[in-house]
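[1] Sequence plus the predicted model coming up.
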Amino acid sequence: MVTASLVMAYSLYTFSAPNMPANHAMMLTIPFVIYGIFRYQYLIHVKGQGGAPEMMVYTDLPFLVNGLLFALLVVLIMYGGFPT
């Protein structure tokens, strides 16, 4: 239930926050957030790596690539490198 609430809250934030671009391009980041949440859940529940969450970010390559792509897309959208 928390995961669904988190995804819904982030989705609504990208759509209706006053500090976001008017073309709603930040909604393109939603799949990266969903992947990150489910990858984190997978690492905790299936792999049993819940001891040090900050180390998961640095050692898990798919999680790291997802974070970098998310950050790159946010910078492109917020600073005008993304077409409107």
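    Structure received. Numbers count the residues shown, from 1 in each chain.
[2] who touches the host helix or strand of Phe15?
    Using DSSP states H and E, Phe15 maps to helix 2-16. Contacts of helix 2-16 from elsewhere in the structure, counted by Cβ atoms under 8 Å, 6 or more residues apart in numbering, are Met20, His24, Met26, Met27, Thr29, Ile30, Val33, Ile34, Ile37, Phe38, Gln41. Where you see a C-beta, it was placed from the backbone N, CA and C, and this is true even at glycine.
[3] buried subset of those residues?
    For these, a burial check counting by 16 or more other Cβ atoms under 10 Å picks out Met20, Met26, Thr29, Val33, Ile34, Ile37.
[4] So for those, which is the shakiest by pLDDT?
    Across the set of these, Met20 stands lowest in pLDDT, at 80.
[5] Over to it: give its phi and psi.
    Geometry field for Met20 lists phi and psi as phi -90, psi 160, criterion degrees, to the nearest 10.
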